[in-house]
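> With the input below, show me the fold.
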Amino acid sequence: MTTEAAFTPTSASPTARQVWTRARGIALALVVLLAGAVAIAVIRSDARHGELDPRSADPGGSRAVAELLADRGVDTRVVTTLDEAATAAGPDTTLLVAAPDLLTPTQQT
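Residues are numbered from 1 along each chain as shown. As a prediction, the model looks like this:
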């Protein structure tokens, strides 16, 4: 005859309720930390415009140069597509392409 031992919980094995009670503080702290990180990312997402962007006051931006040019009557415009650049370009226009290697030879012409 075999006897099977019945498993009885001991004080050393916590119940699911006890585990949740202990872990909910850590879980709440992680949720708050994640929400804060997302909020900071959303707030700062529009702060960087890009390298040489006249709207950007970042170290890589050129807002100061745009302001100095505006003081001397020079208009600066930001265009983001090739069609906008072609429309904005004229005989008295200087076009600055920040990353010309991204253009095909035809687009550069």
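> what number of residues lie near Pro54?
Burial of Pro54 is recorded as 19 neighbouring residues (other Cβ atoms under 10 Å). From N, CA and C alone the C-beta is placed, and that goes for glycine too.
> tell me which element the closest residue to it other than its chain neighbours falls in.
Using Cβ to Cβ, 6 or more residues apart in numbering and skipping the chain neighbours, the partner closest in space to Pro54 is Ala66 (3.5 Å). Secondary-structure assignment from DSSP states H and E places Ala66 in helix 63-71.
> Sort out which residues of the next helix or strand along the chain from that helix are buried, please.
Next helix or strand after helix 63-71 toward the C-terminus (DSSP H and E): helix 82-88. Within helix 82-88, the residues scored as buried using 16 or more other Cβ atoms under 10 Å are Ala85.
> What distance separates the opening and closing residues of stretch 91-109?
Start to finish, the residues bounding stretch 91-109 are 15 Å apart (Cα to Cα, to the nearest Å).
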